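S.K.: mind folding the following:
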Amino acid sequence: VIEDGRVLQSGAEDPVLGDLVTGFFAAGPLSHGRETTLGALCLFDRAERPALSSDELSLLKGLAGLATEMLLALEDREAARIAALINDTASDAVVLTDDEGCIIGWNPAAEHMFGFPAEDIMGEPLHRIIPEAEQADAELSREELAKLAASSAEGVCELRGIRKSGEEFPVEASIASWRS
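M.R.: Residues are numbered from 1 along each chain as shown. Modelled structure (predicted):
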């Protein structure tokens, strides 16, 4: 935290601050974790002011914390919007499962490939779209899927899927996992 900008040289030569720092300047970092700084919440005044009191410093730190949370929330919403756009427009089926193997994500291409509308398949176990023979081979546990993905080139493996009609068909699956 910069609590008294008078300790800095005049901003007249600074291409960002210009002549704004002629009287008062204070700043609180917008930090996420120990290693990531997003920017700074800066207070400027052309008039001379005393250095910030400890209560004012606490307030500045609190405001910087709130601003950081708001920026991160905006970043999360934008990432979610982009992920939804990719998911909804992907030509490949995207099927997401939770740790128990229940389907929690199902895009339009998956609807087309497997024949199940999202509302009919969400919450169902993954084995609903995998024939029994495939289930017996890999048991389709989270650990088994991770092993299967790791053992194949670039996490791609060949399985068989089963459509709503009961028809079996070949599926080339790219298996990945992540935590949010």
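
S.K.: out of everything not next to it in sequence, what's closest to the residue in the chain sticking out farthest from the centre?
M.R.: For the chain, the largest distance from the centre (C-alpha atoms, centre = their mean) belongs to residue 48, which lies 43.1 Å off. Nearest non-adjacent residue to residue 48, counting by C-beta to C-beta, 6 or more residues apart in numbering: residue 23, 4.7 Å away. Backbone N, C-alpha and C define where each C-beta goes, glycine included.

S.K.: same question for residue 40.
M.R.: Leaving aside its sequence neighbours, residue 40 sits nearest to residue 27 (C-beta to C-beta, 6+ apart; 4.4 Å).

S.K.: go on, residue 105?
M.R.: In space, residue 105 is closest to residue 96, 2.9 Å off (C-beta to C-beta, 6+ apart).

S.K.: the one you found against residue 102, yeah?
M.R.: No: counting by C-beta atoms under 8 Å, residue 96 sits too far from residue 102 to count as a contact (9.9 Å).

S.K.: just checking, what packs against the top helix by length along the chain?
M.R.: Taking DSSP state H as the criterion, the chain has its longest helix at helix 54-89. On a contact count with 3 or more C-beta pairs under 8 Å, 6 or more residues apart in numbering; DSSP states H and E, helix 54-89 meets strand 24-32, strand 36-45.

S.K.: does residue 160 have beta-bridge partners, and which?
M.R.: When assigned by DSSP bridges, residue 160 has beta-bridge partners residue 170.

S.K.: look at it and say how many residues are nearby.
M.R.: Neighbour count for residue 160, taken as other C-beta atoms under 10 Å: 14.

S.K.: tell me how far it lies from residue 167.
M.R.: As judged by C-beta to C-beta, to the nearest Å, residue 160 and residue 167 stand 10 Å apart.
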